[in-house]
Each structure stands twice: as C-alpha cells, then as structure tokens.
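Student: Next comes the sequence, and after it the predicted model I'd like to discuss.
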Amino acid sequence: MSGSIRLRGSIQRRLIVQLLTGAALLATLMFLVVQSYARDLAGQSQDEILAASVTAILDSAAVRNGDLTVDIPYFAFSMLGNISEDRVFYTITRNGEFLTGYPDLPKPMAATDTAPRFRTDSYDGESIRMVTATRRMSINGQPDFIEVTVAQTRYGLRQQLAGISRTVAGFGLGFFVIAALFGILAAQSAIQPLRQLAGSVSRRGLSDLRPVSAPVPAEMEVLVGALNGFMSRLKASLARSEDLIAEAAHRVRTPLTTVRTQAEITLRRVDKPQNRQAVREMIRAIDESSRAAGQLLDHAMVSFRSDHLEVEDVEICRLTRDAVSRVVPMADLRDIELDVTIPEAAICVKGDAILLQSALLNLLDNAIKYSPPDSRVYVTVRVVETGVEITVQDNGEGFPKADMGRLTRRFVRGSNTETVVGSGLGLTIVNEVARAHGGQLLLTNSSEKGGACASLYFPLA
Ligand SMILES: Nc1ncnc2c1ncn2[C@@H]1O[C@H](COP(=O)(O)OP(=O)(O)O)[C@@H](O)[C@H]1O
Ligand SMILES: [Mg+2]
C-alpha cells in the first residue's frame, strides 16, 4: 500500500479475535457448568447409596428375647463397594452409647428429625462422606434410639469426576475449535464484499470514473455512495478543465492568426535586412504559439473523447487515404512524395473516427516535418494476425535515440527539432488514441530505409 496511507488494525483480525475470545469464554463456561453439574450428580448418587446402606442396617435391627440385635446384612456394604476401592466405615450406637464399628469416626450432627443426615469430614487423613440415621425402637415398653452411621472415602467420586472433567474438557476444546473455524470463515465472508470493492476499484483504469454498480451489502451503502459521488464530482471537474483548455486555446489562436497576417504584411513592407530578420523571427514565434494552442486544443479533445469513447465501425483504408490527401499540400511545399500502399478491401476497426484521423494526421505531420526535402514518406496499411497496422515511415534522421523512451510524454520534444516548429504533444495524442482503442503505438528506426518508422496497431472490429 502507498506510504501515505495510515493503517490502524485490521477489521478481519479484530473480528477473528473477538469471535475466538467469545468461543473460548463459552467453551470454558460450558466446562465449568457441566463439571459442577456432574459433581452434584455424582455426590448425590453416593449419598443415595450411603443412605440405602444405613437404612439396610437399621432394618436389620430387631428386638429378640427382649434384647436388641443388629445383624448387619452383607449387601449393606457390598453395594458401597461397587463404586470403587473406597474404604467403608460404620458406627452403631444405642442411646448414644457406642455398640460396634469404628469408635473414633467423627461424631454425626445431632438429630433434628428421622431424616438421614449427611456430612463431609475427614477420617484417618482422608476425606469421607458420612450418613447417619436414627430409628426409635421400643424394648420392653421403653423407647430406645439406635443410630447408624456409614462413611465412605471419596476416591471413587474423585476419579469419576476427573474422568468426566477430561471428557468435558475434550468436548470444550472441540467446541472451541469448531467455533473458531466458523469464526474465521464468518470473518472472511464478512470482509469479502469490502475486498471485492477494493479490488474492482483498484483494477480500474486511471480514467474510469464510472459509478460502482455492483451490489454491495447495506453497511457499505454510505461508503459506496460517497465514492460514487466523489467520482462524479471528479468527472465533472475534469470535463470542466478540459473545456477550459479548449476554450483558452481557441481564444489564443484566433488573435494569433490576426497577428500573423499583420506580420506577413509588415514583412513585405520592410526592407532593412535586420528588420526583416526580426519580423521573420516574430512570425516563427507566432507559428509556434498557434501550433501549441492547436495541439493543446487537439489534446484536450482527444483526452475527452478517449474517456468517453463512442465507437462505430471505422473503415481504416478510406480514413488513411483521407488523411494522406489532407497533408498533400504540406508535403508538396517540401517536395516530399507520399508513397501509399493501402489494400483495396475494406478493413474495419471499432473506434472513434475523429480520434483515429487525428492520430494519423499527427504521424504524417511528423514524417513530413522531420524528413529532408525531396524525400519520400511511405504510408502502409496491412492486416496482421488479429489487427490492422498502419505504418508511417520516412527517410529522415530517425527518432533521436536518447529520447526514444519519452517521446510520447506531454510536451517532450527530441533533440532533432532545431528549426522545426512543434509543441511536443503530437505523439502524446497518437499514443492516447492508440491506448483508448486497445491498440498500440510502436516507434522504431528503420534499419534498411533509415528514418523514423511509427506504426499504429488496432485490433480488428
Ligand atoms: N518522423 C520523425 N522523425 C524524427 N523524429 C521524430 C519524428 N516524429 C517525431 N519525432 C521526435 O519526437 C518528438 C515528439 O514528437 P511530437 O510529440 O509530435 O512533438 P513535435 O511537436 O515536436 O512534433 C519530436 O520533437 C521529435 O524529436
Ligand atoms: Mg509532431
């Protein structure tokens, strides 16, 4: 990009970063929610088994022969063993007195009702979950309270949770990757219309100021509207300056013609050689000025018509013959013979006849101006592959080698122009006309005949 454009970030990068951050946050949130849900669920199932185990032990308490017996059923512990290699502890008390089990197990919370009480504590250096339930029995008419506590370490739970966490983390990561891919795609597709617009505008030719007509997303409406408005103002302003040049050239040329006529008359009247020389120089200067004004006018016209090229089928052979016949008087003045080789058949190109005519006249004008008196200028029209080539070849000195690359630039004249009147716009005009028609101007110095050779190539209609 050009050095004067200051960049501030990239929309696409910003979009991607925002989408990725969003996806990462969502994935983390999902992980945390699922993990806490799983923890609750796993804890709940351990609690349920512990409660079932406590109930099974309490159910086995019975009064036999007036005494209390507790026959701990096998399955009361085996169902706990299912979970993993967790260790299981228990305590049974009667009216607060230790009966059997692990005497140093942490004391359960005091009973408020008959519902099982859960508690997380530590025993023997390990975290345990314990459940306690109390049942009221009646022995010999006396109320008797049996309290059973079953506790279990929590390895299994932790292992289970770690497993779940790994799975959920895997899912979270997968979710993030998919969301990230979609995010990148979305950012690219969101930025696509902007890229297309930038591409189509930058691919345009310098003089292409047509409004952007391709459909654009609603968000870009204002930008494209402003761009189109800007281009139409630029176009209007270009047209105005073109008009101004034409007008100015015209206004300069008319009085110059009058001055020239007066100078010619004066030249006839004065006798002194000094004065005659002065008047001659004056006439030459006037010629230069009016020539320059004419070329400026032509150039303004050519630039304008090239920008708004209106094409029709132009018959090149007839056009060339016309142009040649127009320069015959000028060639006669210098005893130059025009040698014309033009096919009889009609050859058509798509173009603007006025522009093509102007290009040809400029080439003929140069050939006549820059070749020595009493020489020949060859004009050839021939069909080549997919186009037509018009060549104007003279017997002069040829294009000055040192200036060859820049002769088509505005106001550039070669080093061979000492006495030749000119403005340096002729080849500029020819080149512009060629380019506007998708053609090409080629300047060479002919090796066999000597002299300059200018060929114009146009694609066939
Ligand atoms: N047929 C030619 N032979 C030699 N030099 C030429 C010929 N045609 C053009 N040139 C060189 O190219 C320069 C640019 O040509 P042009 O743009 O027509 O300007 P000018 O008004 O000087 O003719 C001329 O000044 C001249 O040096
Ligand atoms: Mg010229």
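Tutor: Ah, there it is. Numbers count the residues shown, from 1 in each chain. Ligands and ions are numbered 1, 2, ... in the order given.
Student: What mean pLDDT does the biggest strand by length in the chain get?
Tutor: When secondary structure is assigned using DSSP state E, the longest strand within the chain turns out to be strand 126-139. For strand 126-139, the mean pLDDT works out to 90.
Student: How far off centre is it?
Tutor: 73 Å (CA atoms, centre = their mean, to the nearest Å).
Student: Show me what that strand pairs with in its sheet, parallel or antiparallel.
Tutor: Applying DSSP bridges, strand 126-139 is found paired with strand 117-123 (antiparallel), strand 142-153 (antiparallel).
Student: out of the ones you listed, deepest packed?
Tutor: Per residue and on average, the most neighbours among the strands paired with strand 126-139 fall to strand 142-153, with a mean of 20 (mean count of other CB atoms under 10 Å). For the C-beta atoms, the positions are set from N, CA and C on the backbone; glycine is no exception.
Student: and after that one, which helix or strand comes next?
Tutor: helix 155-202 (DSSP states H and E).
Student: Going by contacts, tell me the helices and strands next to that following helix.
Tutor: helix 11-60 (3 or more CB pairs under 8 Å, 6 or more residues apart in numbering; DSSP states H and E).
Student: Quick one: mean pLDDT over the helix it packs on.
Tutor: Here helix 11-60 scores 91 as its mean pLDDT.
Student: tell me the angle of it relative to strand 117-123?
Tutor: Regarding helix 11-60 and strand 117-123, their directions subtend 100 degrees when assessed with axes from the mean of the first three to the mean of the last three CA atoms, to 10 degrees.
Student: Let me have the strands paired with strand 126-139 in a markdown table, adding mean pLDDT as columns.
Tutor: Output for the strands paired with strand 126-139, formatted as a markdown table (pLDDT from 0 to 100):
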| stretch | mean pLDDT |
| --- | --- |
| strand 117-123 | 92 |
| strand 142-153 | 91 |
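Student: Columns distance to ligand 2 on top of the ones you listed, output as TSV?
Tutor: Shown next, in TSV, are the strands paired with strand 126-139 (distance: least, CB to the ion, whole Å):
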stretch	distance to ligand 2
strand 117-123	103
strand 142-153	105
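Student: could those go into JSON lines alongside distance to Tyr370?
Tutor: Converted to JSON lines, the strands paired with strand 126-139 look like this (distance: least, CB to CB, whole Å):
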{"stretch": "strand 117-123", "distance to Tyr370": "108"}
{"stretch": "strand 142-153", "distance to Tyr370": "109"}
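Student: Would you reformat these as a markdown table and include distance to ligand 1?
Tutor: Listed next are the strands paired with strand 126-139 as a markdown table, based on distance: least, CB to the nearest ligand atom, whole Å:
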| stretch | distance to ligand 1 |
| --- | --- |
| strand 117-123 | 99 |
| strand 142-153 | 101 |
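Student: So which of those strands is nearest Thr55?
Tutor: Proximity to Thr55 (CB to CB) singles out strand 142-153 among the strands paired with strand 126-139, at 8.6 Å.
Student: Enumerate the residues of this protein near ligand 2.
Tutor: Asn366, Gly422, Gly426 (CB under 5 Å from the ion).
Student: Closest one of those to ligand 2?
Tutor: Gly426 (2.7 Å; CB to the ion).
Student: Can you report how many residues neighbour the closest one?
Tutor: When neighbours are defined as other CB atoms under 10 Å, Gly426 has 24 of them.
Student: next one: Val421
Tutor: There are 14 residues near Val421, going by other CB under 10 Å.
Student: Got phi/psi on it?
Tutor: Backbone torsions for Val421, taken as degrees, to the nearest 10, come to phi -80, psi 140.
Student: Tell me, what's the model's pLDDT at it?
Tutor: Per-residue pLDDT puts Val421 at 86.
Student: what does the one 10 residues further on give?
Tutor: Per-residue pLDDT puts Asn431 at 96.
Student: how near is the closest residue to it other than its chain neighbours to Leu238?
Tutor: Distances taken as CB to CB, 6 or more residues apart in numbering put Thr408 closest to Asn431, at 4.1 Å, once the chain neighbours are dropped. According to CB to CB, to the nearest Å, Thr408 stands 21 Å off from Leu238.
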